[in-house]
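Novice: Take a look and give me a structure for this.
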Amino acid sequence: MGKKETKKAVDRKLIRRLYFYIRPYRWFVVLAIGLTLTAAFLGTVRPKLTQIAVDDYIAFNDLDGLLKIIGLLFLAQIGEFVLQVINTYITRWFGQGSLFSLRNAVFKKIQNLNIQFFDKNPIGKLITRTTSDIEALSELLSDGVVAIIGDCFRIIFILYFMFSMSWELTLVTIAILPALFYATFWFKGKVRISFLEVRDQIARLNSFVQEHINGMDIVQLFNREKKQQDKFKNINAAHRKAHIETIFYFSIFWPLVEVMASFAMALVVWYGGGRALMGGVTFGVLLAFIQYARQFFMPIRGLSEKFNTLQSALASSERIFNVMDIETEVQEPDEPKTIADPKGEITFEDVWFKYNEDGEQILKDVSFTAKAGETIAIVGATGAGKTTIINLLLRFYDIQKGSIKLDGIDIRDLSLNELRSNFGLVLQDNALFSGTILENITLENPDISREEVIEAAHKVEAHRFIEKLKGTYDYKLRERGASLSMGQKQLICFVRALVYNPQILILDEATSSVDSETEALVTAASDKMMKGRTSIVVAHRLSTIQGADKILVMHKGVIRESGSHQELILQENGLYKKLYELQYKDQLVEG
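Specialist: Residues are numbered from 1 along each chain as shown. Reported below is the predicted structural model:
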């Protein structure tokens with residue numbers, strides 16, 4: 001009992017939250033309800049008019065009266081049709097408007113989640129939340145609630161007319177309802193669980209497909225197509241099984257409703273026919289009851305369908321709001337400070353950090369200062385904590401102990417927009433989007449002109465290859481910039497960083513994925529970009545950072561050495577010297 005009450009409370013909460021998105025259209029909802037009730041009345045008044053036509057006019061050969069009733073029947077039919085057309089358009093219109101707002105809200109929430117969330121959650125599941133899960137709410141938010149109200153009142157109108165004509169025949173007609181209600185509640189319990197499982201399997205399927213399409217080159221390179229196909233078959237089979245289980249319950253429930261409706265009509269014919277022969281009821285009443293018996297089970301069947309829609313919608317909305325309720329670990333300050341005159345000085349003071357509470361410590365008591373205009377290089381083995389420093393500086397994660405300051409202000413006291421607007425970032429694997437090169441550089445910022453983009457492209461030697469492309473800066477990139485080489489993509493990202501004119505430039509392995517010729521271009525571009533800016537460079541190739549003002553050597557989350565290239569190369573048995581000698585030996589890097 002406790003679980004049922006809890007589930008009902010959850011469902012009520014979900015419905016209240018869904019109402020928030022339909023609330024701006026509430027007067028259109030009221031109008032739609034009014035139209036639905038009117039249409040329901042016109043639909044249920046027709047059997048009553050039939051009874052009047054038979055008993056009051058046909059029985060007495062009253063042609064004029066019969067023609068009037070036929071006219072009223074015609075008007076009722078036309079009126080119901082017109083009202084349903086208008087109502088369908090209105091309900092679909094405000095339903096799609098509600099979905100539009102909800103989809104925007106979900107995407108906005110996903111964009112504001114901290115990076116750690118994406119480390120733990122498959123992208124395919126998030127795609128499911130913003131597409132198929134929201135689409136599952138379409139029918140409910142469109143006309144589901146309105147139709148439920150309409151079906152309920154249609155039943156009330158039918159019962160009113162039936163009781164007004166014969167309470168005995170009415171009781172015979174609805175005698176089957178207890179069995180129908182029992183079947184409906186059984187169906188409700190089973191199908192809710194099935195719908196939850198279906199939504200889980202859809203998310204699992206989307207995650208697998210998205211992940212393996214992105215990694216298709218690896219799958220094909222290692223000849224793992226057969227193995228991955230087998231995995232897909234298993235996931236697809238689970239998805240099919242969940243759907244078939246839902247279909248199984250429907251295959252029992254719908255025929256059961258049909259059988260009960262036919263049985264109720266048979267009772268009406270049997271009992272009502274006998275009463276009519278004995279003069280207990282008129283033939284007009286019997287004819288009207290046969291029509292009402294058919295009509296009575298139509299809204300009940302409709303309510304069952306809407307209940308199906310409701311269960312699917314609640315299962316989807318539960319997952320959607322689970323995403324919406326995730327607490328963003330990186331919080332905006334209540335009273336953010338501003339930097340009046342940004343200079344670009346960065347200070348790490350006794351910083352400790354680990355990605356998970358039960359995980360290992362990634363940074364241990366890290367302290368350093370990058371003065372305004374200085375270039376700081378960070379080197380070390382994989383896993384030493386180099387990229388983590390960048391992630392913390394941009395507040396993609398928050399530290400557990402210590403402080404990180406920008407121009408003397410703790411970055412947690414700055415709004416995220418204020419903080420990140422000071423930085424330009426070029427990564428080893430940068431994101432490019434479907435769209436033109438110009439759109440990828442400006443990110444559609446209206447404050448950045450085409451001339452500024454071209455000027456920045458000239459500075460980093462990217463203009464030469466862009467002008468050779470068909471359409472130049474209007475050249476359309478495919479997904480992730482697949483139509484460009486790695487070096488070309490990297491140069492576009494340099495232009496993007498430069499055109500925003502950041503106070504601080506961060507280069508995280510910016511040359512590690514390019515060839516020697518492109519590296520020379522990128523290095524030259526880097527040198528131009530770093531002039532007059534505070535720069536932090538994470539690099540494996542020591543040849544690219546020898547001119548840095550200060551080099552930090554990381555080892556297992558600790559800064560083991562610090563100094564210029566010349567100072568570090570002279571340290572006996574130093575980590576930097578060992579790294580330098582190793583690269584000199586393997587890559588012929590000259591000091």
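Novice: For stretch 572-580, list every residue counted as buried.
Specialist: Neighbour counts over stretch 572-580 (16 or more other CB atoms under 10 Å) mark Gly574, Leu575, Tyr576, Lys577, Leu579, Tyr580 as buried. For every residue, glycine as well, the C-beta is placed using N, CA and C.
Novice: quick one: the third one is in a helix?
Specialist: Read it as Tyr576. Yes - looking at Tyr576 with DSSP: H, G, I helix; E, B strand; the rest coil, it is inside a helix.
Novice: Might you report the residue contacts of it?
Specialist: Tyr576 makes contacts with Val379, Ile551, Val553, Glu561, Leu568, Ile569, as judged by CB atoms under 8 Å, 6 or more residues apart in numbering.
Novice: Retrieve the pLDDT associated with Glu5.
Specialist: Here, the pLDDT recorded for Glu5 equals 47.
Novice: oh, I was asking about Val45
Specialist: So Val45 comes in at 88 (pLDDT).
Novice: Tell me, how many residues neighbour Ser317?
Specialist: When neighbours are counted by other CB atoms under 10 Å, Ser317 registers 24.
Novice: now for the helix or strand encompassing Gly71, which elements pack on it?
Specialist: If you go by DSSP states H and E, Gly71 is part of helix 63-112. Counting contacts by 3 or more CB pairs under 8 Å, 6 or more residues apart in numbering; DSSP states H and E, helix 63-112 packs against helix 2-22, helix 26-52, helix 123-130, helix 132-135, helix 138-139, helix 283-324.
Novice: In the stretch 451-591 of the chain, where is pLDDT below threshold?
Specialist: Along the stretch 451-591 of the chain, segments meeting pLDDT under 70 span 479-482, 510-519, 521-522, 525, 543, 583-591.
Novice: How are the strands of it distributed by residue range?
Specialist: Listed in chain order, the strands found in the stretch 451-591 of the chain under DSSP state E, counting those that start in this stretch are 476-477, 504-508, 534-538, 550-555, 558-563.
Novice: Okay, the residue nearest in space to the middle of the chain and Gln229: tell me how far apart.
Specialist: Nearest to the geometric centre of the chain sits Thr130, at 2.5 Å (CA atoms, centre = their mean). Note on Thr130: its distance to Gln229, by CB to CB, to the nearest Å, is 28 Å.
Novice: Ile123 versus Gln210, what's the distance?
Specialist: Gln210 sits 6 Å away from Ile123, going by CB to CB.
Novice: For these two, indicate the residue with more neighbours.
Specialist: With neighbours defined as other CB under 10 Å, Gln210 and Ile123 compare such that Gln210 has more, 17 against 13.
Novice: Show me what counts as buried in whatever helix or strand the more buried one lives in.
Specialist: Element membership for Gln210, per DSSP H and E: helix 177-214. Residues of helix 177-214 classed as buried by neighbour count (16+ other CB under 10 Å): 180, 183-184, 187-188, 190-192, 194-208, 210, 212.
Novice: Quick one: residues contacting the nearest residue to the residue nearest to the centre of the chain once chain neighbours are set aside.
Specialist: Closest residue to Thr130 apart from its sequence neighbours, by CB to CB, 6 or more residues apart in numbering: Val106 at 5.2 Å. Neighbour list for Val106: Arg129, Thr130, Ile134, Ile320, Val323, Met324 [criterion: CB under 8 Å, 6+ apart].
Novice: and if you look at Ala238?
Specialist: Ala238 neighbours (CB under 8 Å, 6+ apart): Gln201, Arg204.
Novice: What separation is there between it and Phe368?
Specialist: 51 Å.
Novice: for Val453, same thing?
Specialist: 34 Å.
Novice: More neighbours: which of those two?
Specialist: Just comparing Val453 and Phe368: by other CB under 10 Å the higher neighbour count belongs to Val453, 22 against 16.
Novice: So the more buried one sits against Leu498, correct?
Specialist: No - Val453 is beyond contact range of Leu498, at 9.5 Å (criterion: CB atoms under 8 Å).
Novice: The helices and strands packed on helix 63-112: which one's closest to Ile110?
Specialist: Each of the helices and strands packed on helix 63-112 has some distance to Ile110 by CB to CB; the shortest is helix 123-130, at 5.9 Å.
Novice: what are the ranges of the helices in the stretch 251-400 of the chain?
Specialist: 273-277, 283-324, 386-393 (DSSP state H, counting those that start in this stretch).
Novice: chain center to the shortest one: distance?
Specialist: By that I understand helix 273-277. Offset of helix 273-277 from its chain centre (CA atoms, centre = their mean, to the nearest Å): 61 Å.
Novice: Can you report how many residues neighbour the nearest residue to Ala105 once chain neighbours are set aside?
Specialist: Counting by CB to CB, 6+ apart, Ala105 lies nearest to Met324, which is 7.0 Å off, once chain neighbours are set aside. Met324 has 16 neighbours, counted by other CB under 10 Å.
Novice: One more: Ile409?
Specialist: Residues near Ile409, counting by other CB under 10 Å: 16.
Novice: For Val351, see how far away the closest residue to it other than its chain neighbours is.
Specialist: Once flanking residues are discounted, Ile409 sits nearest to Lys337: 5.5 Å by CB to CB, 6+ apart. From Lys337 across to Val351, the span is 20 Å (CB to CB).
Novice: neighbour-wise, which of the two wins?
Specialist: Neighbour tally, Lys337 and Val351, criterion other CB under 10 Å: the higher count belongs to Val351, 24 against 13.
Novice: Quick check: phi and psi at the closest residue to the more buried one other than its chain neighbours.
Specialist: The shortest distance from Val351 to any non-neighbouring residue, by CB to CB, 6+ apart, is to Gly402 (3.8 Å). Note on Gly402: its backbone torsions stand at phi 90, psi -160 [degrees, to the nearest 10].
Novice: just for the stretch 201-350 of the chain, where's the confidence low?
Specialist: Using pLDDT under 70, the stretch 201-350 of the chain drops low at 214-215, 217-222, 308.
Novice: Just give me the neighbour total for the residue nearest to Val351.
Specialist: 16.
Novice: how far away is it from Asn112?
Specialist: 25 Å.
Novice: now Gln331
Specialist: 11 Å.
Novice: so how far is Asp410 from Asn114?
Specialist: From Asn114 across to Asp410, the span is 18 Å (CB to CB).
Novice: Looking at these two, which is more packed in?
Specialist: More crowded of Asn114 and Asp410, by other CB under 10 Å: Asn114, with 17 against 14.
Novice: Disregarding residues adjacent in the polypeptide, which is nearest to the more buried one?
Specialist: That would be Val330: by CB to CB, 6+ apart, it lies 4.5 Å from Asn114.
Novice: if I pick the one you found, what's in contact with it?
Specialist: Asn114, Arg395, Phe396, Tyr397, Asp398, Leu416 are the contacts of Val330 under CB under 8 Å, 6+ apart.
Novice: Just the buried residues of those residues.
Specialist: Going by neighbour count (16+ other CB under 10 Å), the contacts of Val330 have Asn114, Arg395, Phe396, Tyr397, Leu416 buried.
Novice: quick one, phi psi at the third one?
Specialist: Put plainly, it is Phe396. phi -70, psi -20.
Novice: What score does the residue lying closest to it once chain neighbours are set aside have for pLDDT?
Specialist: Of all residues beyond its chain neighbours, the one nearest Phe396 is Ile115 (4.1 Å), with distances taken as CB to CB, 6+ apart. Listed pLDDT for Ile115 reads 73.
Novice: Ile115 and Gln361, how far apart?
Specialist: 19 Å.
Novice: is it true that Leu575 touches Ser562?
Specialist: No - judged on CB under 8 Å, Leu575 makes no contact with Ser562 at a distance of 11.1 Å.
Novice: This completes my enquiry, with thanks.
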